[in-house]
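K.L.:
Let me see the structure of the following:
(one chain, ligands or ions: 1)
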Amino acid sequence: MILVAENLGWSAGRTEIVSGIDLEIRKGERLGLVGPNGSGKSTLLKLIAGIRSPGRGRVLLKGKPLSAMRRGEIARTIALVEQQADTGERINVRDAVELGRTPWLSALQPWSEKDDAIVEEALAAVSMTAFAKRSWATLSGGERQRVHIARALAQRPEILLLDEPANHLDVHHQLAILRLVFALPVTTVVALHDLNQALECDRIGVMDRGRLVALGPPADVLTADCLHGIFGVGASVLTDPADGARVFRFRTLS
Ligand SMILES: Nc1ncnc2c1ncn2[C@@H]1O[C@H](COP(=O)(O)OP(=O)(O)OP(=O)(O)O)[C@@H](O)[C@H]1O
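P.N.:
Predicted coordinates:
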C-alpha cells in the first residue's frame with residue numbers, strides 16, 4: 001500500500017466533519033471519491049495530502065507517519081490540486097507551473113535545464129504552452145484549473161490528489177484532462193461529482209456525512225440502492241451503442 005489512512009477524523013469546533021476513515025490506497029490505482037456536497041471529500045483529500053492535521057487517527061505514506069515527515073518530503077511524493085485554489089495574482093502562467101518544482105530544489109540542487117524541460121512538458125500536457133507568458137490574473141476559470149494541474153504535474157508526484165479536476169472545464173477539456181490524469185503512471189485519488197466519469201476509476205469510495213460508507217469497483221459500489229440512498233436519485237444504466245460502455249441516466253424521485 002502506498003498510503004494508508006487509519007481511523008482518520010477531523011472536526012471543526014465540536015462538529016465532526018470526517019470520522020472513522022480507514023482506507024488503503026494501492027500503488028498505481030485510480031481511486032474515485034464520490035459523495036453529496038459537504039460529505040467530506042475535500043477534507044479527506046487535505047488530510048491525506050498532509051495539509052490538514054488529523055484530529056484523530058493517522059496517515060501512513062509508504063509506511064511512514066505523515067506527521068513525522070517534513071513538508072518538502074511529503075511534497076516530493078504527493079501533489080494536491082484543490083478546488084478553487086488561488087495563486088498570487090502577479091505571476092504569469094509559467095511562474096505558477098514552476099512552483100511545482102519547489103520541493104525538488106535546494107542549494108545543492110538549483111534550477112536546471114531538467115526543471116525547464118519538466119515545466120514545458122507539464123504546460124504541453126494541459127495545452128497551455130501558448131499561455132506561458134500570460135498573467136495569471138487574466139486567465140479564465142478553466143484555464144486556471146489547467147495551470148493548477150500543470151503545477152501538480154511539474155511536481156512529479158507519485159500520488160496525485162485532485163479535487164473536482166473537471167470543474168470549470170468545457171466538455172472537450174474535461175475529457176482531455178481526465179484522459180491525461182488516468183493515463184499518468186502514478187497513483188491517483190480524484191474527487192468527482194460526475195458519476196459517469198467515476199465509472200472509469202479502478203475503485204470508488206463513497207463518502208456520506210463524513211464517513212466512507214462504501215469502497216470497491218464501480219459496478220459493485222454505484223448500485224441503484226447506493227444512488228437512491230446516498231444521492232436521493234433514481235438511475236437507469238444504459239449501454240452506449242458506440243462502444244458498449246455503461247452510462248447512468250439520472251432522475252429525481254417522485
Ligand atoms: N474549516 C471548516 N469549518 C467549519 N466547517 C467546515 C470547515 N471545513 C469544512 N467544513 C464543512 O465540512 C463539510 C465537508 O466539507 P468538504 O468540503 O470536505 O465536503 P465535500 O464533500 O468536498 O463537498 P463538495 O462536494 O460540496 O465540494 C461541509 O459541510 C463544510 O461546510
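
K.L.:
What helix or strand is Ser127 located in?
P.N.:
Using DSSP states H and E, Ser127 sits within no helix or strand.

K.L.:
What's the local residue count around it?
P.N.:
16 (other CB atoms under 10 Å). No exception for glycine: its C-beta is placed from N, CA and C like everyone else's.

K.L.:
That one reaches Ala176, doesn't it?
P.N.:
Yes. Between Ser127 and Ala176 there is a contact under CB atoms under 8 Å: 7.2 Å.

K.L.:
Contacts only, for Val190.
P.N.:
30-33, 161-162, 165, 181, 201 (CB atoms under 8 Å, 6 or more residues apart in numbering).

K.L.:
The nearest residue to Trp111 once chain neighbours are set aside and the ligand: what is the separation?
P.N.:
Nearest residue to Trp111 in three dimensions, chain neighbours excluded: Leu105, at 6.2 Å (CB to CB, 6 or more residues apart in numbering). Distance, Leu105 to the ligand, by CB to the nearest ligand atom, to the nearest Å: 31 Å.

K.L.:
any idea what Gly72 is structurally, helix, strand or coil?
P.N.:
What DSSP: H, G, I helix; E, B strand; the rest coil gives for Gly72 is helix.

K.L.:
and the nearest residue to it once chain neighbours are set aside, what is it in contact with?
P.N.:
Of all residues beyond its chain neighbours, the one nearest Gly72 is Pro103 (4.8 Å), with distances taken as CB to CB, 6+ apart. By CB under 8 Å, 6+ apart, the residues touching Pro103 are 72, 75-76, 155.

K.L.:
top of the residues you listed by neighbour count?
P.N.:
Gln155 (24 neighbours).

K.L.:
Tell me if I'm right that that one and Ala75 touch.
P.N.:
Yes. The pair Gln155 / Ala75 is scored as a contact, 6.7 Å apart, by CB under 8 Å.

K.L.:
So which residues on the stretch 1-150 of the chain come close to the ligand?
P.N.:
12, 17, 35, 37-43 (CB under 6 Å from any ligand atom).

K.L.:
Narrow these to those in helices?
P.N.:
41-43 (DSSP state H).

K.L.:
Just say helix, strand or coil for Val213.
P.N.:
Val213 ends up strand, using three-state DSSP.

K.L.:
now it, nearest residue through space, not along the chain?
P.N.:
With CB to CB, 6+ apart, the residue lying closest to Val213 is Val206, at 5.3 Å.

K.L.:
Please pull out the lowest mean pLDDT helix or strand from this structure.
P.N.:
helix 171-183 (a mean of 89; mean pLDDT, DSSP states H and E).
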